[in-house]
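[1] Starting from these lines, generate the structure:
(one chain, ligands or ions: 2)
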Amino acid sequence: MPYVTEQNLTDIVMDRWKNIPDSRLRKIMISMVKHIHAFVREIEPTEAEWFTAIDWLTRTGKQCTDKRQEFILASDVLGISMLVDAINHRLSTKATPTTVTGPFHVHDSPELANGANMAEDAPGVPCFVTGVVRDLDGMLVKGAILDVWQTDGEGLYEAQRDVKEPWMRAVYRSGADGSYVIRTIAPIGYTIPMDGTVGELMSRTKISHMRPAHIHFLIDSPGYHRIITHLFQRGDQYIETDVVYGVKEPLIVDFVKKPAGKAPNGEVLDKPFYVVNYDFVLQKAAKAAIAAE
Ligand code: BEZ
Ligand code: FE
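    Ligands and ions are numbered 1, 2, ... in the order given. This is a model prediction of the structure:
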C-alpha cells in the first residue's frame, strides 16, 4: 500500500471501504467518502472552520429529544427531505403529490365524524375542507383515512402549546361516496423553530425562515400508495419561498371566504368562514407494497 499524500488519500480510503459485505452499505459508504472528500477538497476548510462544523453537528445532536429533531429540520431547510420524498413517491402526475412530513405529526389522533370540528376552542377563522377521495380511474374510495394536522390561527402546533388534549389534529374517514368534510380553522404561515442550531445558521443567511399557511394530510387506504401531503393557501406571501421547499403547484388551493350562514357540514355560522374544495387522487400501490401490507 502506498503511504498517503494529499493526492492519493481519497483513493486509498475508498479502496479500504470497498470490501464491506453488505452491498447497499458498501455503495452508500463509498459514495459518501467520494462526495465528502470532494466537498473538503473544494472548500479547503481551515482547522478552525472544520472544528466549527463539528461543534455545530455536536450541538445539533444535543438538541434532539423525543419532542424535537433538529437534524430533520436541517435536512428540511437543505431540501434533502423533499428530495428523499420525491425519490420515494414517484407517482403519476394525475395523482395528488406528496410533500414533506415535518416534525409536528402526532400518532393516534382522535377519530371524528365527517363535519365534526377538530379545532374546538382554537383561535382563528373557521374553515371547512371538503371533497372526495378517488383513484386515478375516477373510482371513489370509501373508508380512506384522512389524518389531518395543522397550526391554529396563531401559527402554533400542539407541540408548541401547553395543552393536555389533542390540539388541531384528527382522523376522518371518507364516506361511502368517497366524500369527506373537515371543520377546522384556517392555518396561517409560521416560522420554523429558530431557537436552535438550524435557526442560528438560517439567521446568518438572507433566506426566509417562513412556511406558507398549510394543512397537513396523511391519506391511506388499503391497496393504494399512502401519501403524506399538504394543502397550501393560494396567495400566501411565503408560497414562493417556503423554507423547506414543500410547495408543489397542484397542492395550492383557494380558500374561498363565505359570509355568515350555512356551512358545508350543515351548521349555520354567525361569522364568515372559509371553504376549501379538494379531491385527493390516490394511485394503486405497487404489487410488492400490497403484499407487504
Ligand atoms: C411543518 O410543516 O410542520 C414543518 C416542516 C418542516 C420543518 C418545520 C415544520
Ligand atoms: Fe406544517
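[2] residues near whatever residue of the stretch 51-200 of the chain ends up closest to ligand 1, how many?
    Of all residues in the stretch 51-200 of the chain, the one sitting closest to ligand 1 is G102 (2.8 Å; CB to the nearest ligand atom). No exception for glycine: its C-beta is placed from N, CA and C like everyone else's. Neighbours of G102 under the rule other CB atoms under 10 Å: 20.
[3] Tell me where the stretch 151-293 of the chain has helices.
    197-202, 287-292 (DSSP state H, counting those that start in this stretch).
[4] Least confident of these, on average?
    Least confidently modelled of these is helix 287-292, at a mean of 59 by mean pLDDT.
[5] Quick check: residues of the chain near ligand 1?
    Contact residues (CB under 6 Å from any ligand atom) of the chain with ligand 1: 73, 76, 100, 102-104, 192, 211, 244.
[6] hmm, 5 Å instead?
    Counting by CB under 5 Å from any ligand atom, the residues of the chain lying close to ligand 1 are 76, 102, 104, 192, 244.
[7] Spit out the contact partners of the last one.
    What it means is V244. 76-77, 79, 81-82, 100, 102, 192, 211 (CB atoms under 8 Å, 6 or more residues apart in numbering).
[8] Please repeat the previous calculation with a cut-off of 6 Å.
    Each residue near V244 by CB atoms under 6 Å, 6 or more residues apart in numbering is listed here: 76, 100.
[9] With the first one instead?
    Contacts for D76 were tallied using CB under 6 Å, 6+ apart; they are V244.
[10] Compute the number of surrounding residues for the residue nearest to L73 when sequence neighbours are not counted.
    Leaving aside its sequence neighbours, L73 sits nearest to V198 (CB to CB, 6 or more residues apart in numbering; 4.6 Å). Using other CB under 10 Å, V198 has 25 other residues around it.
[11] what bits of this protein have low per-residue confidence?
    For the chain, the stretches flagged by pLDDT under 70 are 1, 287-293.
[12] which strand in it runs the most residues?
    strand 126-135 (DSSP state E).
[13] Heading C-terminal from that strand, find the next helix or strand.
    Reading on from strand 126-135 to the C-terminus, the next helix or strand found by DSSP states H and E is strand 145-150.
[14] Check which helices and strands that following strand sits against.
    Applying 3 or more CB pairs under 6 Å, 6 or more residues apart in numbering; DSSP states H and E, one finds that strand 145-150 contacts strand 169-173, strand 214-220.
[15] swap the cut-off to 7 Å and go again
    Secondary-structure packing of strand 145-150 (3 or more CB pairs under 7 Å, 6 or more residues apart in numbering; DSSP states H and E): strand 169-173, strand 179-185, strand 214-220.
[16] Can you tell me how far the residue nearest to L73 is from K18?
    Applying CB to CB, to the nearest Å, the value for V198 to K18 is 34 Å.
[17] what about the nearest residue to H89 once chain neighbours are set aside, neighbour count?
    Take H89 and drop its neighbours on the chain: the residue closest to it by CB to CB, 6+ apart is T98, 4.2 Å away. Residues contacting T98 under the criterion other CB under 10 Å number 24.
[18] ditto for the one 3 residues further on
    The number of residues packed near T101 is 17, by other CB under 10 Å.
[19] Ok, M32 next?
    M32 has 11 neighbours, counted by other CB under 10 Å.
[20] how far is the helix or strand it falls within from where the chain is centred?
    Counting by DSSP H and E, the element that carries M32 is helix 23-43. Helix 23-43 sits 27 Å away from the centroid of its parent chain (CA atoms, centre = their mean, to the nearest Å).
[21] Check which helices and strands that helix sits against.
    helix 9-16.
[22] Output the helix it packs on as CSV, restricted to C-alpha atoms.
    The C-alpha coordinates for helix 9-16 follow below in CSV (Å, rounded to 0.1, in the frame of the first residue of the first chain):
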residue,chain,number,x,y,z
LEU,A,9,-5.8,9.8,0.1
THR,A,10,-9.3,9.7,-1.3
ASP,A,11,-8.4,6.6,-3.5
ILE,A,12,-6.8,4.9,-0.5
VAL,A,13,-9.9,5.4,1.7
MET,A,14,-12.3,4.3,-1.0
ASP,A,15,-10.2,1.2,-1.6
ARG,A,16,-10.3,0.3,2.1
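[23] and that helix, which residues are buried?
    For helix 9-16, burial by neighbour count (16 or more other CB atoms under 10 Å) applies to 10, 13.
[24] residues in contact with it?
    Defining contact as CB atoms under 7 Å, 6 or more residues apart in numbering, one finds that helix 9-16 is touched by 4, 30, 33-34, 37.
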